[in-house]
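[1] Return atomic coordinates for the entry below.
(chains A, B, C and D)
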There are 4 protein chains.
Amino acid sequence: MMTTNPFEQPESEDGDHLREECAIFGIYGTHDAAAHTALGLHALQHRGQEASGIVAYDGRRFSAFRGLGHVSEIFSSPSTMAGLAGYAAIGHNRYATTGETLLRNVQPLFADFEFGGLAIGHNGNLTNALKLRRQLVKRGCLFQSTTDTETIIHLIATSQGASVLDRLIDALRQVEGAYSLVALTDRALIGVRDPNGVRPLVLGKLGEAHILASETCAFDIIGAEFVRDIEPGEIVVLNEDGVTSHRPFPASRKRFCVFEYIYFARPDSNVEGHSVYEARKKIGMELARESHVDADVIVPVPDSGVPAAIGYAAESGLPFELGIIRNHYVGRTFIQPTDQIRHYDVKRKHNANRMQIEGKRVVLVDDSIVRGTTSKKIVEMVRNAGATEVHMRIASPPTTNACFYGVDTPQKEKLLAHNYDVEGMAKVIGVDSLAFISIDGLYRAMDLPARDNDAPQFCDACFTGEYPIGLTDFETDGDNPAQLSLLTEPAA
Amino acid sequence: MMTTNPFEQPESEDGDHLREECAIFGIYGTHDAAAHTALGLHALQHRGQEASGIVAYDGRRFSAFRGLGHVSEIFSSPSTMAGLAGYAAIGHNRYATTGETLLRNVQPLFADFEFGGLAIGHNGNLTNALKLRRQLVKRGCLFQSTTDTETIIHLIATSQGASVLDRLIDALRQVEGAYSLVALTDRALIGVRDPNGVRPLVLGKLGEAHILASETCAFDIIGAEFVRDIEPGEIVVLNEDGVTSHRPFPASRKRFCVFEYIYFARPDSNVEGHSVYEARKKIGMELARESHVDADVIVPVPDSGVPAAIGYAAESGLPFELGIIRNHYVGRTFIQPTDQIRHYDVKRKHNANRMQIEGKRVVLVDDSIVRGTTSKKIVEMVRNAGATEVHMRIASPPTTNACFYGVDTPQKEKLLAHNYDVEGMAKVIGVDSLAFISIDGLYRAMDLPARDNDAPQFCDACFTGEYPIGLTDFETDGDNPAQLSLLTEPAA
Amino acid sequence: MMTTNPFEQPESEDGDHLREECAIFGIYGTHDAAAHTALGLHALQHRGQEASGIVAYDGRRFSAFRGLGHVSEIFSSPSTMAGLAGYAAIGHNRYATTGETLLRNVQPLFADFEFGGLAIGHNGNLTNALKLRRQLVKRGCLFQSTTDTETIIHLIATSQGASVLDRLIDALRQVEGAYSLVALTDRALIGVRDPNGVRPLVLGKLGEAHILASETCAFDIIGAEFVRDIEPGEIVVLNEDGVTSHRPFPASRKRFCVFEYIYFARPDSNVEGHSVYEARKKIGMELARESHVDADVIVPVPDSGVPAAIGYAAESGLPFELGIIRNHYVGRTFIQPTDQIRHYDVKRKHNANRMQIEGKRVVLVDDSIVRGTTSKKIVEMVRNAGATEVHMRIASPPTTNACFYGVDTPQKEKLLAHNYDVEGMAKVIGVDSLAFISIDGLYRAMDLPARDNDAPQFCDACFTGEYPIGLTDFETDGDNPAQLSLLTEPAA
Amino acid sequence: MMTTNPFEQPESEDGDHLREECAIFGIYGTHDAAAHTALGLHALQHRGQEASGIVAYDGRRFSAFRGLGHVSEIFSSPSTMAGLAGYAAIGHNRYATTGETLLRNVQPLFADFEFGGLAIGHNGNLTNALKLRRQLVKRGCLFQSTTDTETIIHLIATSQGASVLDRLIDALRQVEGAYSLVALTDRALIGVRDPNGVRPLVLGKLGEAHILASETCAFDIIGAEFVRDIEPGEIVVLNEDGVTSHRPFPASRKRFCVFEYIYFARPDSNVEGHSVYEARKKIGMELARESHVDADVIVPVPDSGVPAAIGYAAESGLPFELGIIRNHYVGRTFIQPTDQIRHYDVKRKHNANRMQIEGKRVVLVDDSIVRGTTSKKIVEMVRNAGATEVHMRIASPPTTNACFYGVDTPQKEKLLAHNYDVEGMAKVIGVDSLAFISIDGLYRAMDLPARDNDAPQFCDACFTGEYPIGLTDFETDGDNPAQLSLLTEPAA
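    The predicted model follows:
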């Protein structure tokens, strides 16, 4: 008689969702720069939960601390913070696919060049990093990590540019992909957004201090003001002399990631001029208009489905109820199913609130469907609690394609929408009806008349397969480039 | 230039709330009893987050594991679970006041008696434990922990009763207080609820297995059925032969804790015949009727204020919006305020959703006010986000008195409602208006005509000061009895 | 192709030796009493390497710290020592057989009685502890540890004596066995030696402070002076008023353990009037006289055989050489033999110094033979290094019987000398000749004319089987009493 | 009343001695290559106690494990060893000066080149590493560690050589200094000794397997045979095809480090044709002849002074006694002196054996005097134990100069012999007489007629200041080059 362990299988904290891979933050010109950075990273924890790091500069020397886990754990010791003195700092939260979360991959990375120290953290993904890496290794460069960021650092190291900024521009001209990055030198905090502006980067102010962050919620936590979005292709240099803006790249069209509105960004952030919470409510309202169904109650799949469900309920006139309760104590170690103890992997996180469900026609509202595994279990749980009908409404179009721009997506073959049409998906998930918002409905919720198919206003490649930036590494070969070179831990 | 640490000050995970001190769970008659118990404790995590323990029995021997932290961490290792073999197990979650969370206080406690092993876990508080303890020490008993539970164990050890049950009854006849307890012997799982039934205890069934738990949500997670509430003063003995019920205590009036409905219990639990979520919604509706105010938006203080806010919004016809966003990554290590970085202790957990607040008259709905410190900060945050008016509505009467029946309350002198009338409280908190539900309104929300002042239907001592059970230890002396005797760790 | 782990098998640090089970130390009347105690325990580390503890008293409260491992590790943190304030302290080193080294068994044990706190540490073994324990459990006492010391504590708790001293005497009158103990109350440091004085206990002085220790080497490390041995059956009470001596037990004959001279005590200690180093040299000289052999070189088995080898070499006129070199970096984790990598378990600790061995007739000198396993491997190593003859000389008589007085010995059946005569042992070990010192030779080396067989001057039961103190527990039953009762960790 | 911590000050395990900085080991052609390597490193623990690492190769991939601490701890877990599969492995023990023992500096270092993986470990010190490093950084190389070894790796990475061997030779032609190194590729185990042969490297055989090690004691522990010393300037390539020898460097004169005989090597090793134990005994005999003194007893300072003391005693005819006893449980955390508890830093390790000292004229024999701090305390301890005269005899000439070839020496200004003549040193240490062996006496003990001052047979720079190899880095500048570049942990 074996005793099984109900918590042993690690699984994503976010369940069956796409995952943003990173958050960045930087501040220049305040006491306690590292403490402000830790708070900013904490507010951005939803963009990366596996590891975080901070590099600070105090006018004489750089100091750094990196760790695996959540921000509030990594930076909880007084001695850790005391070791991060200075008026300038940058920080990074990381999400990474299983098996690669080695401490040496945790950003910001730091290198001591001839011209002084430089720390870099980035959010996004380079699509020709592997090709560049191979060229650098041929020249005798030794790589320590498997991150794109290190490729940028070697490009800077081998550049013949006269200044740090020249070298950085020289390096970035060679890279292709989506990125927002923060860099810290002994003179300035630097921010860069790729020419298409796929990933967000915002500029803020706290007294005399300049701040860069992935989202505005990181300003709120420290009481800072939002100034403006960094423009696509813009490089900003921030120091005592103020803000200097550079635009060294050829003009490109902005293609901001629409999924930031659907799921990635925090509802209280303001992104590219839109309140995220409002955007989600409008998507819910649009969805209610597009795919009405007779029902008794609107139930969000907590927590990501809540704003869309509120919008849906308001538009449809049906009552909004917490028909599914989320357990707030779900940790990072998880429940393993056995024959006897079935389905408690979803029950560990969610429980049906029977009195709101029993005998009712339920509309479940969720933000997206990726593999569909969680949706199926939630539907079953709701049916077991006595729902007479279950209808699912999704606040995004069907996710049919992988993202190569800094979002962790399963391979195309594992996406439910890649394998089934909507009717097929409804059968797999077990609902009475299923509807997604249309692509044009999504654009309408963003206050646009419709998608401009000749020049789309957003990056929506995961729904349409239209990739705005080249995919060099993915087109040229398929071998796994992960472990090109390591001075430490070859196999650990 | 010192760098401060924003996460170093530990604080309650629940902020400024009363805290339930414990959860209990027991199961008899299934493979993997410990795994079921771990899941049950996980579902009951809200009733105690500082430590947990499980004792299992496999027909030959008892095994135990206890740890500090959350259930999913303590029981995440396969070897831990493998060491807890057996078809019967009991478990316990503990909340404890600062400084006392030593591992030796973590329940269930276990003792090996002449007649065999016995493990006990309890939820509640004995009000004459100290007096009993002094008598036992005089007899030569050596105490190992500072828990009430050990007092019960020594009473059993020194009882001359013929059977375990006789000894347990003998012991419980001497104690006074509020308690629900589970015990495990080599023959049976035993459940007891004190004669007033202050704390909850429910009976469930999973196939042939019998289950006891503090709340029904612990049944849902393992797919078990709710059978009935254990009656006040009832002792149930559960084993292969079924359920035997004993009522050895003189008849008393049921005085179930009304705060379980207001805050302690999970919204998806069914407690003494009421859905907790429904009860909270009805309280919100009652509150809307009692203290209407003209406003633009109903905003819950997340997450405990949400059901009452939904009820309030429905009754008042005003829109319900998530005007405050909760950060889900708040850990157990916390932010320390400095002069420069003010108010981020509340911002670490909550952020105003500016677009829903700015220029609006806001009604904030919360479950209770204890010290008022968090309320004050939240009101300030909402005002800073541009609210034109802020009205606070509280889903409980003013908390004027301490609880001695297993709930952690501050000393009376620290309760805001002890020191101020409602108008004074409104000034302290900084709201334009403040209202609490009336005591009769609360009873109406529980489907009663009103409070029966001669024989109140609930224990509501924290609102009324009417204590249904004697307070021997607290009346007789004031010295600190915490460290009577310890074989280990005298000062650690 | 499996990779084996050469260090995984834990084994005794002392190899194939009998092991003293404990050391005790106490000091009263100095600043930094705990620091002095830590140093004293460090000097006594050879008497117990598995765990240590200190209890200190500062005039107001007792504090304690216990840990597994070596003294210098357990007490290496400044905060640990800062937590052990006071002018009085007692400490204990523990050796324990595998599987029982739980922290709750680590001494000193502490209990808070009606009359105040009491900490106790002891060296030795009670031979009726189990019988007493059974009686106490029947009375309702709950045991926390599996140590004899706790039996004494419960006897004190249930005694009706008026003073601590009366209760201690009352308790000790009921026990049987060999023990030296130190106790600390809020008034005094107390030392006791059992009526036969089997285990050592010495009194020292450092300025105004009184000190008790197992051996004088603990005085040297803190610069204290040796005053005298505590007498068999004597209780000393040490405090500001000086030294008070009590003799409450009926007169008994002193039977000090002779093995303390052979192996247990440190060579630089002075024990019962003898220098341990001198005693060992004299045993070596006596051995040379009793069992001369023609040879080229005298080689000690390091380090315990060195003094006897020096004596043997001096008496025989043959050169003393370090023909075996000990590796000083042998840790507490060890080498596992595989087919391919043979014999390196002994080589991990010792290596033949080939140039001193090759082509020579070697006399190996060791202190004792227990199982003979190590001796066999060392002889083989010496032969492989080219010795033409190998003769073994042992500085004790054959070890034929187990010890029940606080020394860890294998069961009789595993003792080589129980199973073979000297000639048989020589064959097993593989030597050209083998000789042990005679029992009378041993007594002569202790400056006595011979053993007084009617009233032996020492306890030599391990050589003669004549046990001076009753063996109640071992005679009455054979069942394993180890886990009578545990409030914590029933199976961990 | 502060309680001080007697163990908190870390200090060298070897006290006041010069310290060898490294040990190396490699094996090719056996199952369990990593297990053999761990044992070899364990036998070489005396050459480096702060950190160790192993890199293994199994025909398909390289694996590595590195840790801080002793070999038997780092490689004690079965899973660690299971992760190091293969028939070939190299390993390294490291000693490093305080503050630099970061894991990223622990050897062997590994890099994945275009042509495949390469692991390197070395013993010694490059005297132009800093100059080379600066040139490499200018070219765009990013350094990860502060070790010389990484300089060699970057030289290999940027070499245009056709084969690994060509690249290695190319790299080594650019370096200057003393080194013995082992390297592992996917084809072979490679060993190199610098052209002057300053550090040792020996070749051994175990069945079909080839072995390289710093000393022969590493062969004994695994039962391997010694084949020969690697020649100065020789490169050996070991694999299935046997041993290939290369001599790509111009001819140089051998200048083996004479201090290896005096202190570094293990007494049971055979180094460059001499038994180390015999060499030390002969030094002791020569010393007795050069500086006889009337005395009663010869006492070694344990353990390093023992062989010389045995030789001294034999030559002088005076008795050899263990007048100082060493505590074998000295750990890596240590005793802090306070006013009250004086001198126990030395007493923690050593104690006078009073009976062998009291009333006697004592000759203390030690291997060397570095700062003189320990000597002074030992002399005081011996006087306090009652010695009537104390004479010190040292088995090396006065240490007047620092070593730059892989030995940790204090700055010249801290060497007692740099600041005082022998008479002055005697006063500082507090002895009645002090004598060192003469430089020619040392060469005589090595079986040479005398030192050849035109072409010295050994490197004896620490005694004579005659450095056989250029000191480029130390001559050209004085700034601290330790932290040139770090991708990780800039300040940790």
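
[2] From here on, just use CA atoms for contacts and neighbour counts.
    Will do.

[3] The residue lying closest to A:Glu358 once chain neighbours are set aside: how many residues sit nearby?
    Nearest residue to A:Glu358 in three dimensions, chain neighbours excluded: A:Gly386, at 4.1 Å (Cα to Cα, 6 or more residues apart in numbering or on different chains). Using other Cα atoms under 10 Å in any protein chain shown, A:Gly386 is surrounded by 17 other residues.

[4] Wasn't A:Gly386 part of a helix?
    No: going by DSSP: H, G, I helix; E, B strand; the rest coil, the assignment for A:Gly386 is coil, not a helix.

[5] how close does it sit to chain D?
    Separation of A:Gly386 from chain D (Cα to the nearest Cα, to the nearest Å) stands at 50 Å.

[6] quick one, what contacts that residue?
    Neighbouring residues of A:Gly386 by Cα atoms under 8 Å, 6 or more residues apart in numbering or on different chains: A:354, A:357-360.

[7] the longest strand in chain A is where?
    Longest strand in chain A, counting residues (DSSP state E): strand A:116-126.

[8] confidence score at the closest residue to chain B within the stretch 51-200 of chain A?
    Nearest residue of the stretch 51-200 of chain A to chain B: A:Ser76, at 4.7 Å (Cα to the nearest Cα). pLDDT recorded at A:Ser76 is 84.

[9] Would you agree A:Leu287 is in contact with A:Ile439?
    No: counting by Cα atoms under 8 Å, A:Leu287 stays clear of A:Ile439, with 11.0 Å between them.

[10] Please say which of these two ends up with more neighbours.
    Between A:Leu287 and A:Ile439, counting by other Cα under 10 Å, A:Leu287 is the more crowded of the two (29 against 17).

[11] Check the gap between the residue nearest to A:Glu358 and A:Gln356 for me.
    As for A:Gly386, its distance to A:Gln356 is 10 Å (criterion: Cα to Cα, to the nearest Å).

[12] same check, this time on A:Arg66
    45 Å.

[13] and stretch A:125-144, does that touch chain D?
    Yes: against chain D, stretch A:125-144 shows contacts by Cα under 8 Å from any Cα of the partner chain at A:137-142, A:144.

[14] can you list the residues of the stretch 51-200 of chain A near chain D?
    So the stretch 51-200 of chain A meets chain D at A:62-65, A:104, A:109-114, A:137-142, A:144, A:154, A:157-159 (Cα under 8 Å from any Cα).

[15] hmm, which of these are the buried ones?
    A:62-65, A:104, A:109-113, A:137, A:139-142, A:144, A:154, A:157-159 (16 or more other Cα atoms under 10 Å in any protein chain shown).

[16] nearest residue to A:Ala56 other than its sequence neighbours?
    Looking at A:Ala56 with Cα to Cα, 6+ apart, the closest residue is A:Ala89, at 4.1 Å.

[17] helix, strand or coil for that neighbour?
    strand.

[18] That one: how many residues sit nearby?
    A:Ala89: 35 neighbours (other Cα under 10 Å).

[19] Was I right to think it contacts A:Tyr28?
    Yes: the pair A:Ala89 / A:Tyr28 is scored as a contact, 6.7 Å apart, by Cα under 8 Å.

[20] Give me the residues contacting the lengthiest helix in chain A.
    Secondary structure of chain A per DSSP state H: the longest helix is helix A:276-290. Around helix A:276-290, the neighbours that count as contacts under Cα under 8 Å, 6+ apart are A:261-262, A:265-270, A:307-316, A:393-395, A:436-437, A:441-442, A:444-446, B:353, B:355.

[21] Strands of the stretch 351-492 of chain A, start to end?
    For the stretch 351-492 of chain A, applying DSSP state E, counting those that start in this stretch gives strands covering A:361-366, A:389-394, A:407-408, A:433-436, A:458-459.

[22] Chain C: which of the ones you listed is closest?
    That would be strand A:407-408 among the strands of the stretch 351-492 of chain A, by Cα to the nearest Cα, at 36.9 Å.

[23] pLDDT below threshold where in the stretch 251-400 of chain A?
    Low-confidence segments of the stretch 251-400 of chain A (pLDDT under 70): A:331-345.

[24] ok, now the stretch 51-200 of chain A?
    A:96-102.

[25] show me where it has helices.
    Assigned by DSSP state H, counting those that start in this stretch, the helices in the stretch 51-200 of chain A fall at A:71-74, A:78-82, A:129-138, A:148-158, A:164-174.

[26] For A:Gly161, which non-adjacent residue is closest in space?
    In space, A:Gly161 is closest to A:Arg167, 4.6 Å off (Cα to Cα, 6+ apart).

[27] just checking, that neighbour touches A:His154?
    No: checked against Cα under 8 Å, the pair A:Arg167 and A:His154 is beyond contact range at 10.5 Å.

[28] Checking the nearest residue to A:Ile90 once chain neighbours are set aside next. Helix, strand or coil?
    Distance criterion Cα to Cα, 6+ apart; nearest residue to A:Ile90, sequence neighbours excluded, is A:Gly26 at 4.1 Å. The three-state assignment at A:Gly26 reads strand, by three-state DSSP.

[29] how much space between A:Gly26 and chain C?
    36 Å.

[30] do A:Ser52 as well
    From A:Ser52 over to chain C (counting by Cα to the nearest Cα), the distance is 29 Å.

[31] Count the neighbours of that residue for me.
    33.

[32] and it, what does it touch?
    Here A:Ser52 is in contact with A:66-71, A:74, A:91-94, A:106-107 (criterion: Cα under 8 Å, 6+ apart).

[33] change it to 7 Å
    Residues in contact with A:Ser52 (Cα atoms under 7 Å, 6 or more residues apart in numbering or on different chains) are A:66-68, A:71, A:92-94, A:106-107.

[34] Now do the contacts for the spatially closest residue to A:Arg247 that is not a sequence neighbour.
    Using Cα to Cα, 6+ apart and skipping residues adjacent in sequence, the residue nearest A:Arg247 is A:Glu234, 5.0 Å away. By Cα under 7 Å, 6+ apart, A:Glu234 lies in contact with A:192-193, A:245-247.

[35] does chain B sit close to stretch A:206-223?
    Yes: for stretch A:206-223 and chain B, the contact criterion (Cα under 7 Å from any Cα of the partner chain) is met by A:221-222.

[36] Export that stretch to PDB, keeping only CA atoms.
    The C-alpha coordinates for stretch A:206-223 follow below in PDB (Å, rounded to 0.1, in the frame of the first residue of the first chain):
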ATOM      1  CA  LEU A 206      10.000  60.000  -9.000                       C
ATOM      2  CA  GLY A 207      11.200  63.400  -7.900                       C
ATOM      3  CA  GLU A 208      14.500  63.800  -9.800                       C
ATOM      4  CA  ALA A 209      14.900  60.200 -10.500                       C
ATOM      5  CA  HIS A 210      14.300  58.600 -14.000                       C
ATOM      6  CA  ILE A 211      12.600  55.200 -14.200                       C
ATOM      7  CA  LEU A 212      12.100  52.600 -16.900                       C
ATOM      8  CA  ALA A 213       9.700  49.700 -16.500                       C
ATOM      9  CA  SER A 214       7.800  47.100 -18.500                       C
ATOM     10  CA  GLU A 215       4.500  48.400 -17.100                       C
ATOM     11  CA  THR A 216       3.100  51.400 -15.200                       C
ATOM     12  CA  CYS A 217       2.000  49.300 -12.200                       C
ATOM     13  CA  ALA A 218       5.700  49.300 -11.300                       C
ATOM     14  CA  PHE A 219       5.500  53.100 -11.000                       C
ATOM     15  CA  ASP A 220       2.400  53.000  -8.800                       C
ATOM     16  CA  ILE A 221       4.100  50.800  -6.100                       C
ATOM     17  CA  ILE A 222       6.800  53.400  -5.500                       C
ATOM     18  CA  GLY A 223       4.600  56.400  -6.000                       C
END
